[in-house]
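# Make a model of this:
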Amino acid sequence: MSAADPQTANLPHPPAYTEASPAAPAPYEQNDESRNFIPDDFKFSTTVLSCEPQVRMWFMRKVYTLLACQILASFLFSLWVSRMPSAQEFIITHMWCMVLALVGGLVSCVWLSLAPRKDDFDDAANSVSLLGEQTASPAPWYCLSYRGQLALLAAFTFFEAYSLSIVTVAYDPQTVLSALFVTSVVVVGVTLLALSGRFDSTLSSAGSIYYWLNLALWLLIGIGFSSLFFGMNSKVDLFYSWGGAIIFTVYLFIDTQLVFRKVYPDEEIRCAMILYLDVINLFLYILRIMARNRDD
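The predicted structure is shown next:
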């Protein structure tokens, strides 16, 4: 047998197949940082129901934080009016302010519900510019940024709080507190029931339910307007009050399901406004029922 080649004798031995290469990448392990990272296009291009649990909890926390701030602001304003006789006198003697608050609440509600977001308009303009087309025009004045939505929500809440302050003048404080307690119990119960997932099948028929709810709401509006000219006896008033309470209880149930299943994660301001309207209208009809029972 010939001697080994002196050039190859000095070469290092190849590594054994059982040894791991030092340059081999470490196995992937999911840590907290990678788990919490969710791309923005996923967060804001799908409905809340399709998002990760942390996104759903984040959205729910923001909606109910805004809703709690609205209800708390309305309660504190009404409490301040009830403790200030001069404020009550101002509200009674300046009814034009009440009309202005009603109109302002309606305008801000419609604007907040229908106005496009300024960010969406800017994204569309950027996509047009990337395609090489002519530079897009600036966003119209009625488009709302996120801060604009918050400011309009604050204005809407102030208008509604001023409109609700007449309650402290027209009703007994004990009746108002009783109606507030009953409304709180109903709202908590309906919300927990809607979020429990036992009635997910109602989402498929939400359109037809909304159709009948809107018809019933217009019936209530018609009865309310007719009572301004022809009055309302006790039986019709009781039917009107119970009908309104039932209708807005169903509204609260359906809206809660739709809010946490059919909307996008960046629409928390509009969702808070919708739930606020349901709660306030439910409170007013329950207050009407309890005031009627106290009078009887």
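# Can you give me the buried ones in the helix or strand harbouring Val55?
Using DSSP states H and E, Val55 maps to helix 53-83. Residues of helix 53-83 classed as buried: 55-56, 58-60, 62-63, 66-67, 70-71, 74, 77-78, 81-82 (neighbour count, 16 or more other CB atoms under 10 Å). Where you see a C-beta, it was placed from the backbone N, CA and C, and this is true even at glycine.
# Could I get the full set of helices for the stretch 151-296 of the chain?
166-170, 173-195, 206-230, 234-259, 268-295 (DSSP state H, counting those that start in this stretch).
# Just name whatever secondary elements the first one is in contact with.
Pointing back at helix 166-170 there. Helices and strands touching helix 166-170, by 3 or more CB pairs under 8 Å, 6 or more residues apart in numbering; DSSP states H and E, are helix 53-83, helix 85-93.
# hang on, the earlier thing: among the buried residues of helix 53-83, which one sits closest to Ile269?
The closest of the buried residues of helix 53-83 to Ile269 turns out to be Leu66 (CB to CB; 6.6 Å).
# got the contact list for the nearest residue to that closest one once chain neighbours are set aside?
Closest residue to Leu66 apart from its sequence neighbours, by CB to CB, 6 or more residues apart in numbering: Ala272 at 3.7 Å. Taking CB atoms under 8 Å, 6 or more residues apart in numbering, we find Ala272 in contact with 63-64, 66-67, 70, 153.
# Widest-spaced pair of these?
Tyr64 and Leu153, at 14.2 Å, using CB to CB across the contacts of Ala272.
# okay, the spatially closest residue to Thr46 that is not a sequence neighbour: pLDDT?
Spatially, and ignoring its direct neighbours in sequence, Thr46 is nearest to Tyr264 (7.4 Å; CB to CB, 6+ apart). As predicted, Tyr264 sits at a pLDDT of 80.
# give me the number of residues near Tyr264?
17 (other CB atoms under 10 Å).
# who touches the nearest residue to Tyr285 once chain neighbours are set aside in this structure?
Nearest residue to Tyr285, sequence neighbours excluded (CB to CB, 6+ apart): Gly244, at 3.7 Å. Listed by CB under 8 Å, 6+ apart, the contact set of Gly244 reads 220, 281, 284-285, 288.
# Which one of the residues you listed sits in the busiest neighbourhood?
Highest neighbour count within the contacts of Gly244: Tyr285, with 22 neighbours (other CB under 10 Å).
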